[in-house]
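Enquirer: give me a model of this one.
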Amino acid sequence: MTGIGGVEMGAQAARSRALAVLRVRSRALAVALLPAAAAVILLVGGSTGHLAGGGWDVLRWAVSVLALLVLAAAAGVALVVARSRPAVTPTVTVAEESAPDLYRMVRDLADRLDVPAPSAIALTPDCDSWLEDRTHPAHGPPPAERHDDDLAGPGGPAQHRSAAAPVLVIGSPFLWWMRVGELRAVLAPVVAGTGPSAHPDIAAARRFIRGLDAAVAVASEGRRDPFSRVACAGLGWVSRLLLRSCRGHAAEMERGVAAAAAERAQAVDYGLRIVAQEQVGLAYAGWDRLLTRVALPAWRMGRWPSRLDVGVVAALTELSRRDRLAEGFASRLGERPACDLLEEPGVMDEAVSLLAARLFHGGPAETGPDWSPVGWEEYPEEVVDRTWRTDAARLHRVLDTLGVRRAAEGTAPGTDGPTLARVLDHLTTPDAAITVTPAAGSDT
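Expert: Modelled structure (predicted):
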C-alpha cells in the first residue's frame, strides 16, 4: 500500500492501538470504582430496609471503609501519574533567533508534508533524530528557571513554543557533516511524524504512558520512613501493572505512527534520502570513533574538546579525500553544509561538546578549574603529551619496583631518571654469540 492509502492505514492502526491504551486506563478506573459502587448499593439497600440486619451493617461498614481506601489510593496514583515529570532527553535548545534558516527549512518541509511544524528545535550529541513531546507543565519552566536537562544555545531559550507540537531533536553530527539537501531528506520522515502525533487519541495515550513511566521512577526513589516506602511500593506495583498491560498496544501504536510518517515522507526527496542514508552510517562510525579514541582520553584528564562536531567533519573529510572508495563523497563537500543554517555554529558546537562530555563521561555541567575546554590546536600538547608522560611515569614506577638502576649509554654515571633511554636499555637484550653446528655427515 503506497500513497495516501498507506498513510491512512498506518494512522488508523496507530489510532486503534491508542484507543486500546486508553481502554486500559478506563478499566483501571472502573476497578478503582467497584468498591465505591458496592458501598453505594449496600447503603441504599440499608436505607430502604431491603438489606437490614447485623451482618449487613458490618458488611456495609467494611465495604465503605474499603471503598474510601481504594478511592484515596486511586486518587494518589492518578495525581502522581498526572503531575510526575516525564523523562526528557538532555539537549541544547536552538533558539529561532540563532538559527532562522534552520527553522525556515523545517517549516517549509512541514508545509510540503502537510503536517504541523515542530514547536522548537534542539540538538543532541548523538547520531539520531526524533520528535519529543515536551508539553508537560514541568517541561516549560519560566525563563529564569531553565531546567538543567535543557541547555540554552546562543540566543537563549526557544520562545513562542506551541502548546501541542513536539520538539524536533537533531543529532549534531548530522548538522555538521551533511549538506542542506541531505539533512532535509533525512528529517522528512521525522517531521512527518507530527501529523499522527497531533491526533487527540494518540497524544492522550502517549501522555498516559509517559506518566506511568514517570510514576515508576518516582516509586523507585529511596524513602526512609515506613509509610513512604509502603506508598511507593503500591504506586510502583500499580504503575508497572498498567505499563505491562499497555506495552504491546503502545509498541504497535508507535509502529503505526512510524509507518504513516515514512509513507508520507516518500513524496519529499525520496531519492536523495536513499543516498543520504550512506552519510548517516558514515557519520555514526566517525562519531563513535571520535568519542572513544579522541574525546575519552581528554575527558579522563579533566579536559573536554570544545569542537567535537568540527573534529568529526575534519576526520571524515580526510577519509573521503584519501579513500579511493569515497571519491563520490568528496564531490559533495563543495555543497553548502547544514551547519551554515546556524548563526553561530562555533558556539553551538561548544555547547553540544560540553553536553556530550556530561552524558558520556559524567562530567560537570559547567566549566571549572578541573574541567576546562581544550581546542584541537592544543590537543596534542595538552592531552596526547600528558597521556604519554603519565604512561611513561607508570612504566618507570614498574622499573623501580623491579630494581632496574642501569644508566643509559651516553649519560652521566648515576643518571637513573625517567628517560626513554632507560626503558630501551632495560628492554634491549645483549648480543649473543651465534654458533652454527654443522649437521652430521655433511661436508665442512
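Enquirer: and the helices in the stretch 51-200 of the chain?
Expert: All helices of the stretch 51-200 of the chain, identified by DSSP state H, counting those that start in this stretch, fall at 54-83, 100-113, 172-177, 180-191, 194-197, 200-220.
Enquirer: those: which one's closest to Ala356?
Expert: Closest of the helices of the stretch 51-200 of the chain to Ala356 is helix 172-177, at 8.3 Å (criterion: CB to CB). Where C-beta positions appear, they are placed from N, C-alpha and C, glycine not excepted.
Enquirer: got the contact list for that closest one?
Expert: Applying CB atoms under 8 Å, 6 or more residues apart in numbering, the external contacts of helix 172-177 come out as 92, 123-127, 129, 183, 186, 279-280, 282-284, 286-287, 308-310, 312-313, 316, 337-339, 341-342, 345, 348-349, 352.
Enquirer: run the chain-centre distance for that helix.
Expert: Once both centres are worked out by CA atoms, centre = their mean, to the nearest Å, helix 172-177 turns out to sit 16 Å from its chain's centre.
Enquirer: do stretch 177-193 as well
Expert: 19 Å.
Enquirer: list the buried ones in that stretch?
Expert: Using 16 or more other CB atoms under 10 Å as the test for burial, stretch 177-193 gives 177-193.
Enquirer: same check on stretch 191-201?
Expert: Across stretch 191-201, burial judged by 16+ other CB under 10 Å covers 191-197, 201.
Enquirer: can you give me the end-to-end distance of it?
Expert: Using CA to CA, to the nearest Å, the gap from the first to the last residue of stretch 191-201 comes to 19 Å.
Enquirer: that stretch - what's its average pLDDT?
Expert: The pLDDT scores in stretch 191-201 average 90.
Enquirer: in helices, which of the contacts of helix 172-177 fall?
Expert: Counted as lying in helices by DSSP state H, out of the contacts of helix 172-177, are 183, 186, 279-280, 282-284, 286-287, 308-310, 312-313, 316, 345, 348-349, 352.
Enquirer: just the CA trace of stretch 259-275, in PDB.
Expert: Extracted in PDB, the C-alpha atoms of stretch 259-275 (Å, rounded to 0.1, in the frame of the first residue of the first chain):
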ATOM      1  CA  ALA A 259       4.700   3.700   9.100                       C
ATOM      2  CA  ALA A 260       2.400   6.600   8.400                       C
ATOM      3  CA  ALA A 261       5.200   9.100   8.700                       C
ATOM      4  CA  ALA A 262       7.500   7.100   6.400                       C
ATOM      5  CA  GLU A 263       4.800   6.700   3.800                       C
ATOM      6  CA  ARG A 264       4.000  10.400   3.800                       C
ATOM      7  CA  ALA A 265       7.700  11.400   3.600                       C
ATOM      8  CA  GLN A 266       8.100   9.400   0.300                       C
ATOM      9  CA  ALA A 267       6.700  12.400  -1.500                       C
ATOM     10  CA  VAL A 268       9.700  14.600  -0.400                       C
ATOM     11  CA  ASP A 269      13.300  14.000  -1.600                       C
ATOM     12  CA  TYR A 270      12.900  10.200  -1.600                       C
ATOM     13  CA  GLY A 271      15.800   9.600  -4.000                       C
ATOM     14  CA  LEU A 272      18.100  11.900  -2.100                       C
ATOM     15  CA  ARG A 273      17.100  10.200   1.200                       C
ATOM     16  CA  ILE A 274      18.500   6.900  -0.100                       C
ATOM     17  CA  VAL A 275      21.800   8.500  -0.800                       C
END
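Enquirer: 35 is where my numbering starts, stick with that
Expert: That works, and once the first residue is 35, the last one we named lands at stretch 293-309.
Enquirer: how far does it sit from its chain's centre?
Expert: For stretch 293-309, the distance to the chain centre is 24 Å (CA atoms, centre = their mean).
Enquirer: before we move on, what about stretch 61-75?
Expert: That offset, for stretch 61-75, works out to 41 Å (CA atoms, centre = their mean).
Enquirer: which positions within it qualify as buried?
Expert: Buried residues in stretch 61-75, counted by 16+ other CB under 10 Å: 62, 66, 69-70, 72-73.
Enquirer: identify the bridge partners of the closest residue to Arg366 other than its chain neighbours.
Expert: Distances taken as CB to CB, 6 or more residues apart in numbering place Arg213 nearest to Arg366, at 5.9 Å, with adjacent residues excluded. Listed by DSSP bridges, the beta-bridge partners for Arg213 are Pro371.
Enquirer: now the contacts of helix 206-211: which count as buried?
Expert: Applying 16+ other CB under 10 Å to the contacts of helix 206-211, the neighbour count classes 126, 157-161, 163, 217, 220, 313-314, 316-318, 320-321, 342-344, 346-347, 350, 371-373, 375-376, 379, 382-383, 386 as buried.
Enquirer: and the residue nearest the centre of the protein?
Expert: Thr123 (5.2 Å; CA atoms, centre = their mean).
Enquirer: can you pull the pLDDT of that one?
Expert: 90.
Enquirer: buried ones in stretch 388-404, by neighbour count?
Expert: 388-392, 397.
Enquirer: just confirm Pro407 is within a strand.
Expert: Yes. The assignment for Pro407 is a strand, going by DSSP: H, G, I helix; E, B strand; the rest coil.
Enquirer: tell me, how many residues neighbour Ser273?
Expert: Ser273 has 24 neighbours, counted by other CB atoms under 10 Å.
Enquirer: ok, Gly83 next?
Expert: Per other CB under 10 Å, the neighbour tally for Gly83 reads 7.
Enquirer: which of the helices or strands spans the nearest residue to Gly227 once chain neighbours are set aside?
Expert: Closest residue to Gly227 apart from its sequence neighbours, by CB to CB, 6+ apart: Ala295 at 4.1 Å. Using DSSP states H and E, Ala295 maps to helix 260-299.
Enquirer: now that helix against helix 234-254, angle please.
Expert: 150 degrees (axes from the mean of the first three to the mean of the last three CA atoms, to 10 degrees).
Enquirer: average pLDDT for helix 260-299?
Expert: pLDDT averaged over helix 260-299 gives 92.
Enquirer: name the helices or strands packed onto it?
Expert: Applying 3 or more CB pairs under 8 Å, 6 or more residues apart in numbering; DSSP states H and E, one finds that helix 260-299 contacts helix 37-82, helix 88-117, helix 214-225, helix 228-231, helix 234-254.
Enquirer: can you lay out these as JSON lines showing distance to Phe261?
Expert: Shown next, in JSON lines, are these (distance: least, CB to CB, whole Å):
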{"stretch": "helix 37-82", "distance to Phe261": "21"}
{"stretch": "helix 88-117", "distance to Phe261": "12"}
{"stretch": "helix 214-225", "distance to Phe261": "45"}
{"stretch": "helix 228-231", "distance to Phe261": "40"}
{"stretch": "helix 234-254", "distance to Phe261": "14"}
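Enquirer: between those, which one is closest to Ser273.
Expert: When the helices and strands packed on helix 260-299 are compared by CB to CB, helix 234-254 sits nearest Ser273, at 4.2 Å.
Enquirer: related to what we said a few turns ago, closest to Arg240 out of the buried residues of stretch 61-75?
Expert: For the buried residues of stretch 61-75, the minimum distance to Arg240 (CB to CB) is 17.0 Å, reached by Ala62.
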